[in-house]
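**Q** no letters, just coordinates:
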């Protein structure tokens with residue numbers, strides 16, 4: 001209830017007092033005094049509230065300043081933390097890059113070592129194959145008794161002697177002399193049963209001289225001039241070897257494959273297969 005409402009009520013009450021009894025008037029006056037007292041208390045309380053509000057406002061200002069100061073410190077701390085995080089992130093990225101570089105280097109070294117091991121394995125494999133081929137060469141190398149046995153099949157003593165003479169030179173690894181004598185034998189005795197063998201050993205003599213081009217020609221003559229000779233598979237086999245020595249792998253493979261297909265049961269077929277494998281590597 002505000003003061004204006006109270007005054008209006010008192011005025012209205014004044015108009016009303018003119019027609020009331022004295023006892024009623026006394027009650028009204030007492031009530032007026034109580035109301036005035038209440039109004040005073042309310043005013044006092046209002047002033048107190050105003051004072052408190054002023055104090056609160058006054059207190060709010062330093063609190064606001066403190067709050068602003070706290071906000072500034074928070075912002076500064078946030079900026080500083082952001083910088084620290086950024087620096088930490090950059091340092092972390094640098095460490096990661098360093099580790100990646102080390103890992104790449106280790107991988108490269110591992111790859112190099114693996115290639116080196118593979119190369120050494122291939123060298124060992126080739127050495128083993130070469131040793132096996134040499135062993136086969138030794139096993140299949142012609143012996144003097146073989147030459148004599150073949151010579152014994154000659155038609156007459158003169159032919160047999162010519163063959164033995166040529167064979168003796170070959171057995172002594174005098175391939176140049178052997179080539180000349182075997183060539184002469186084939187020329188003089190083209191119809192001899194030993195002519196095919198002599199033509200083959202003529203090719204072997206040039207092979208021993210490492211005259212691989214001439215060896216190929218002489219081996220080829222075995223199957224052209226003496227197709228029924230038992231030396232044809234061996235001549236084809238050595239012709240393939242001679243092509244391989246010249247680095248003509250395609251021709252070598254073609255001739256060796258012919259040995260495998262045409263003479264699968266001959267001992268030369270197994271050697272041809274083995275050499276084909278080595279040419280594929």
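**A** That came in fine, so what should we check first? This is a predicted model, so every value here is computed, not measured.
**Q** helices of this structure, residue ranges please.
**A** Remark: helices assigned in the chain by DSSP state H are 3-17, 22-140, 144-151, 157-171, 175-188, 195-208, 212-225, 232-245, 249-262, 267-280.
**Q** dump the ones you listed into TSV; add mean pLDDT as well.
**A** Below are the helices of the chain laid out as TSV (pLDDT from 0 to 100):
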stretch	mean pLDDT
helix 3-17	53
helix 22-140	72
helix 144-151	49
helix 157-171	92
helix 175-188	96
helix 195-208	96
helix 212-225	96
helix 232-245	96
helix 249-262	95
helix 267-280	92
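**Q** what's around the closest residue to residue 241 other than its chain neighbours, how many residues?
**A** In space, and not counting its chain neighbours, residue 241 is closest to residue 275: 6.8 Å by CB to CB, 6 or more residues apart in numbering. Backbone N, C-alpha and C define where each C-beta goes, glycine included. A count of nearby residues for residue 275, using other CB atoms under 10 Å, gives 21.
**Q** then residue 262?
**A** Residues near residue 262, counting by other CB under 10 Å: 13.
**Q** check contacts around it.
**A** Under the criterion of CB atoms under 8 Å, 6 or more residues apart in numbering, the contact partners of residue 262 comprise 233, 236.
**Q** quick check: the gap between it and residue 41.
**A** Between residue 262 and residue 41 the computed distance is 137 Å (CB to CB, to the nearest Å).
**Q** what do you get for residue 267?
**A** On the measure of CB to CB, residue 267 and residue 41 end up 138 Å apart.
**Q** so for these two, which sits in the more crowded spot?
**A** With neighbours defined as other CB under 10 Å, residue 267 and residue 41 compare such that residue 267 has more, 14 against 10.
**Q** quick one: the more buried one from residue 169, how far?
**A** Between residue 267 and residue 169 the computed distance is 26 Å (CB to CB).
**Q** now do residue 243
**A** Residue 243 is 26 Å from residue 169, by CB to CB.
**Q** try residue 31
**A** Taking CB to CB as the measure, residue 31 falls 165 Å from residue 169.
**Q** which one's more surrounded, the two?
**A** Shown here are residue 31 and residue 169; by other CB under 10 Å, residue 169 has more neighbours (20 against 11).
**Q** show me the contacts for that one.
**A** Residues near residue 169 by CB under 8 Å, 6+ apart: 175, 177-178, 181.
**Q** please report how far residue 242 lies from residue 276.
**A** Counting by CB to CB - residue 242 and residue 276 are separated by 15 Å.
**Q** which of those two has more residues huddled nearby?
**A** Taking other CB under 10 Å, residue 242 and residue 276 do not tie; residue 242 has more neighbours (27 against 17).
**Q** show me the contacts for that one.
**A** 207, 212-213, 215-216, 219.
**Q** mind checking which of those residues are buried?
**A** Among those, those buried by neighbour count (16 or more other CB atoms under 10 Å) are 207, 212, 215-216, 219.
**Q** a markdown table for the residues you listed, including distance to residue 238?
**A** Listed next are the buried ones among the contacts of residue 242 as a markdown table, based on distance: CB to CB, whole Å:
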| residue | distance to residue 238 |
| --- | --- |
| 207 | 6 |
| 212 | 10 |
| 215 | 7 |
| 216 | 9 |
| 219 | 5 |
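**Q** may I ask which two of the residues you listed are separated the most?
**A** Distances among the buried ones among the contacts of residue 242 were taken as CB to CB; the most separated pair is 212 and 219, at 10.0 Å.
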